[in-house]
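Novice: attaching a predicted model along with its sequence, questions to come.
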Amino acid sequence: MIELFEDITYELTEYEKTLVPGFVAGLSKRIGKERAITSTEIIKKMPGMTGPRVRKIINYCITNYLVKGLIGTSKGYYISQDISEIKEAINGLGHREAAIQTRRVRLEEYLKSIL
């Protein structure tokens with residue numbers, strides 16, 4: 001769970017855990033970017049599901065290595081077997097990590113300045 005976003009990043013519910021096998025099965029068929037599926041498309045197939053919860057379930061699938069090679073892009077989620085795509089995804093994640101770290105450091109600096 002992420003502080004300040006608790007209402008959307010809480011751990012998977014028991015019901016959501018029952019959805020994981022279906023997500024794994026569905027995502028495992030999405031090999032290649034031409035077969036990508038977006039969160040919006042998933043939500044249309046699962047009324048009542050929200051974007052943040054779809055991302056939470058997909059993140060669970062990725063972090064628990066249930067769907068290997070899954071990449072998330074602006075075009076959607078898909079499994080890549082293309083080395084250059086995988087390297088691009090890794091590089092993109094590194095940039096996001098660095099950007100988040102910079103934001104954290106700046107907030108820490110600001111906090112020190114107002115104490």
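Specialist: On my side now, so go ahead. Numbers count the residues shown, from 1 in each chain.

Novice: for the longest helix belonging to the chain, give the mean pLDDT please.
Specialist: In the chain, taking DSSP state H as the definition, the longest helix is helix 83-114. The average pLDDT for helix 83-114 rounds to 97.

Novice: can you check stretch 24-39 too?
Specialist: Stretch 24-39 comes out at a mean pLDDT of 97.

Novice: just the strands from the protein, written as ranges.
Specialist: 70-73, 76-79 (DSSP state E).

Novice: output the contacting helices and strands for the first one.
Specialist: It stands for strand 70-73. helix 51-63, strand 76-79, helix 83-114 (3 or more CB pairs under 8 Å, 6 or more residues apart in numbering; DSSP states H and E). All C-beta spots, glycine's among them, are computed from the backbone N, C-alpha and C.

Novice: deepest-packed of the ones you listed, please.
Specialist: strand 76-79 (a mean of 20; mean count of other CB atoms under 10 Å).

Novice: tell me how far that one is from the chain's mean position?
Specialist: Put simply, strand 76-79 sits 10 Å off its chain's centre (CA atoms, centre = their mean, to the nearest Å).

Novice: and Arg30, how many neighbours does it have?
Specialist: 19 (other CB atoms under 10 Å).

Novice: output the helices and strands packed on strand 70-73 as CSV; include the columns distance to Ile43.
Specialist: Below are the helices and strands packed on strand 70-73 laid out as CSV (distance: least, CB to CB, whole Å):
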stretch, distance to Ile43
helix 51-63, 6
strand 76-79, 12
helix 83-114, 23
